[in-house]
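Q: What shape does this take:
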Amino acid sequence: MDGWRKLRSWSPYLLAFAVGIAAVAVWWNVYGKTKKIEMEQRERKAKAPFEELVSGAKKLAPTRAAVETERVSGQAVDEKVQVQKDLHQIIERTNQLQHQVQTNRAEIQRILERATIHERILQTLSVPEAVRTKDQVNVERILQQEKVRLIAEQTRNIQNQLQALERAKAIQTVRTVPSKSNSS
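A: Below is the predicted model:
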């Protein structure tokens with residue numbers, strides 16, 4: 001009974017597959033046979049003038065119909081080559097996509113494996129509680145100390161600048177005072 005349920009679950013897919021195959025068969029019967037018949041007729045028309053020349057019955061220049069038939073058969077060959085190229089490209093693209101899907105599956109598998117490893121690690125680890133010191137940090141006290149330090153530093157800088165100005169002033173007064181030895 002279980003096998004019947006599985007078969008019923010696949011039945012829409014099997015039906016779609018069967019319809020697809022039937023459509024391809026109908027297309028092949030209609031399109032493939034007519035193309036085959038047309039190609040055979042073109043080949044016969046193209047060979048007729050050449051067979052007569054080979055047998056020696058006629059030694060005439062090719063007729064306009066023969067040239068036209070040759071051109072048409074050349075187009076058929078070109079169409080065949082184009083179809084073969086298209087099929088080859090489709091096959092190559094399909095192979096590339098299959099390879100990409102396989103690569104993506106492998107990458108997803110690796111990611112899932114790492115995730116399960118990380119999950120196991122997280123489950124086995126115990127997170128420690130916050131460590132407390134004996135003396136709790138007092139934010140207000142730290143701010144006051146920092147303010148006092150900044151004020152002391154600014155005071156030293158200002159004192160250094162004042163001393164530098166006083167020295168510069170003393171040097172200028174020494175230069176501006178005339179010496180007594182020069183005036184006599």
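
Q: Just the C-alpha atoms of stretch 140-151, please, in PDB.
A: Presented in PDB, the C-alpha positions along stretch 140-151 are these (Å, rounded to 0.1, in the frame of the first residue of the first chain):
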ATOM      1  CA  GLU A 140      31.500  60.000  39.600                       C
ATOM      2  CA  ARG A 141      34.800  59.600  41.300                       C
ATOM      3  CA  ILE A 142      36.600  58.800  38.000                       C
ATOM      4  CA  LEU A 143      35.000  61.900  36.300                       C
ATOM      5  CA  GLN A 144      36.200  64.100  39.100                       C
ATOM      6  CA  GLN A 145      39.700  62.800  39.000                       C
ATOM      7  CA  GLU A 146      39.800  63.300  35.200                       C
ATOM      8  CA  LYS A 147      38.500  66.900  35.500                       C
ATOM      9  CA  VAL A 148      41.200  67.700  38.100                       C
ATOM     10  CA  ARG A 149      43.900  66.100  35.900                       C
ATOM     11  CA  LEU A 150      42.800  68.200  32.900                       C
ATOM     12  CA  ILE A 151      42.700  71.400  34.900                       C
END
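
Q: This structure: helices as residue ranges?
A: 2-27, 33-55, 64-124, 139-176, 180-183 (DSSP state H).

Q: Which of those has the lowest mean pLDDT?
A: Among those, helix 180-183 has the lowest mean pLDDT, at a mean of 54.

Q: hang on, the earlier thing: ranking the helices of the chain by burial, who's on top?
A: Mean neighbour count (mean count of other C-beta atoms under 10 Å) peaks for helix 33-55 among those, with a mean of 13. C-beta coordinates here come from the backbone N, C-alpha and C atoms, glycine included.

Q: Break the protein into its domains for me.
A: The chain breaks down by automatic domain parsing into domains covering 14-123, 142-176.

Q: where's residue 112 relative to residue 106, distance?
A: 11 Å (C-beta to C-beta, to the nearest Å).

Q: no wait, residue 139
A: Taking C-beta to C-beta, one finds residue 139 at 54 Å from residue 106.

Q: Kindly report the same for residue 148.
A: Distance, residue 148 to residue 106, by C-beta to C-beta: 64 Å.
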